[in-house]
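[1] sharing a model prediction with you, sequence too.
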Amino acid sequence: MDNNEGMPLRAAVIDDDRDMVKVIRVMLKVKGIQTVEAFSGLSGYALVKREQPDIVLLDIMMPDIDGFEVLRKLRLDKETERIPIIFVSARAGREHVERGLSLGAQGYMTKPFKPDDLIAKIVDVLDLAGDSA
């Protein structure tokens with residue numbers, strides 16, 4: 001999969017569960033999507049600022065700052081405010097989904113998920129992001 005500039009899509013995967021990051025990396029690699037990875041909220045925020053990925057896949061529960069705080073910081077930063085973000089979390093409660101979307105996430109996937117569902121969500125979100133740019 002390519003971005004609007006014809007380059008391979010790059011996704012930042014931010015999750016403290018290294019096994020989950022590996023699973024997502026393999027899923028995305030099959031579709032030609034490159035990944036950059038971080039295992040905490042603070043390092044994830046720094047990664048997104050530095051790498052400027054096409055999309056961010058973000059967990060909620062992490063040891064330093066949670067995904068909601070990462071999202072808030074990314075939305076307040078001029079360099080990262082427009083990067084699409086999808087929460088990928090075991091938190092399936094309606095309040096978590098609504099909070100994530102109200103803070104500015106473009107999507108929400110609950111763990112566990114099917115690889116095709118994650119890819120479809122990424123494609124859907126990037127299409128939405130392309131329409132508003």
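    Structure received. All values reported here derive from a predicted model rather than from experimental measurement.
[2] list the contacts for Met27?
    By Cβ atoms under 8 Å, 6 or more residues apart in numbering, the residues touching Met27 are Pro115, Leu118, Ile119. Where C-beta positions appear, they are placed from N, C-alpha and C, glycine not excepted.
[3] repeat the analysis, applying 10 Å as the threshold.
    Going by Cβ atoms under 10 Å, 6 or more residues apart in numbering, Met27 touches Ile33, Thr35, Phe113, Lys114, Pro115, Asp116, Leu118, Ile119, Ile122.
[4] can you tell me which of the residues you listed are in helices?
    Mapping these onto helices (DSSP state H) picks out Pro115, Asp116, Leu118, Ile119, Ile122.
[5] ok, which stretches of the protein are helices?
    Using DSSP H, the helices of the chain run over residues 18-30, 41-51, 67-76, 94-102, 115-132.
[6] tabulate those helices (JSON lines), appending mean pLDDT and distance to Tyr108.
    Formatted as JSON lines, the helices of the chain follow (pLDDT from 0 to 100; distance: least, Cβ to Cβ, whole Å):
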{"stretch": "helix 18-30", "mean pLDDT": "96", "distance to Tyr108": "15"}
{"stretch": "helix 41-51", "mean pLDDT": "98", "distance to Tyr108": "17"}
{"stretch": "helix 67-76", "mean pLDDT": "97", "distance to Tyr108": "11"}
{"stretch": "helix 94-102", "mean pLDDT": "94", "distance to Tyr108": "5"}
{"stretch": "helix 115-132", "mean pLDDT": "82", "distance to Tyr108": "9"}
